[in-house]
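**Student:** predicted model and sequence below, questions to follow.
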Amino acid sequence: MRLKTGLRLRSQVCATEVIVVRPGSSEIDLTCGGHPMIGSKETPADGLDLKPELAGRTLLGKRYTDKDNEIEILVTKAGAGSIADGLAPLLLKEAKPLPSSD
């Protein structure tokens, strides 16, 4: 899937909804709970279950990125599945510490 800034996606197996902040330059197999994410207005496929190895939860308002820090996804609705590139879970993006004001 080719991501675009502002693209809204949802999980097919849990309540997770996201928006793409930084799409990166290459194609990505963006999944949640082990199944491909779909457009926010699309209907999920029947009979899909959350894969236990990708049931790590997504956190509301947190940003997730790949290991190369090329893509950035913002969670707009939390859910039970983990966001991943295929089977490689995306990493929670940590806030950068501010410099000391001493």
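**Tutor:** Sure thing, it's come through.
**Student:** residue contacts, the residue nearest to Leu91 when sequence neighbours are not counted?
**Tutor:** Residue nearest to Leu91 in three dimensions, not counting chain neighbours: Thr65, with 5.7 Å by CB to CB, 6 or more residues apart in numbering. All C-beta spots, glycine's among them, are computed from the backbone N, C-alpha and C. By CB atoms under 8 Å, 6 or more residues apart in numbering, the residues touching Thr65 are Ile71, Glu72, Ile73, Leu90, Leu91, Lys93.
**Student:** run through the protein and note the low-pLDDT ranges.
**Tutor:** For the chain, the stretches with pLDDT under 70 are 102.
**Student:** closest to the centroid, which residue in it?
**Tutor:** Among the residues of the chain, the one closest to the centroid is Ile83, at 3.9 Å (CA atoms, centre = their mean).
**Student:** isn't that one right next to Leu91, touching?
**Tutor:** No. Counting by CB atoms under 8 Å, Ile83 stays clear of Leu91, with 9.8 Å between them.
**Student:** overlap in contacts of these two?
**Tutor:** Tyr64.
**Student:** thinking again about what came up before, give the phi and psi angles for the residue nearest to Leu91, as a check.
**Tutor:** phi -140, psi 160 (degrees, to the nearest 10).
**Student:** that one and Ala80: what is the separation?
**Tutor:** 20 Å (CB to CB, to the nearest Å).
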